[in-house]
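Colleague: model this:
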Amino acid sequence: MRKAGQDQRGTIVQLGLRLPEALHKKLTALAIREKRSLNDEILWLIEHGIEATK
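Modeller: Residues are numbered from 1 along each chain as shown. Predicted coordinates for the structure are as follows:
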């Protein structure tokens, strides 16, 4: 991973991620439905998933 910049959450790192095509399509559809970018949708799902395990 390498540093890619900063935003309101702090330092941002860039991560290459391989996904099965079917999962990519589901995430894309969900992002469109929620009016978020694919990147923001994945971040939202990860952040809320982690919070749910606490």
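Colleague: C-alpha from now on. contacts and neighbour counts both.
Modeller: OK.
Colleague: just give me the residue right at the centre of the chain.
Modeller: Note on the chain: the residue nearest the mean C-alpha position is Ile42, at 2.2 Å, using CA atoms, centre = their mean.
Colleague: is Thr11 in a helix, a strand, or coil?
Modeller: strand (DSSP: H, G, I helix; E, B strand; the rest coil).
Colleague: on that earlier part again, which strands or helices does the helix or strand hosting the residue nearest to the centre of the chain pack on?
Modeller: Ile42 is part of helix 38-52 when elements are defined by DSSP states H and E. Here helix 38-52 touches helix 21-33, going by 3 or more CA pairs under 8 Å, 6 or more residues apart in numbering; DSSP states H and E.
Colleague: any low-confidence regions in this protein?
Modeller: 1-6 (pLDDT under 70).
Colleague: for the helix holding Ile42, which positions count as buried?
Modeller: Leu38, Glu41, Ile42 (16 or more other CA atoms under 10 Å).
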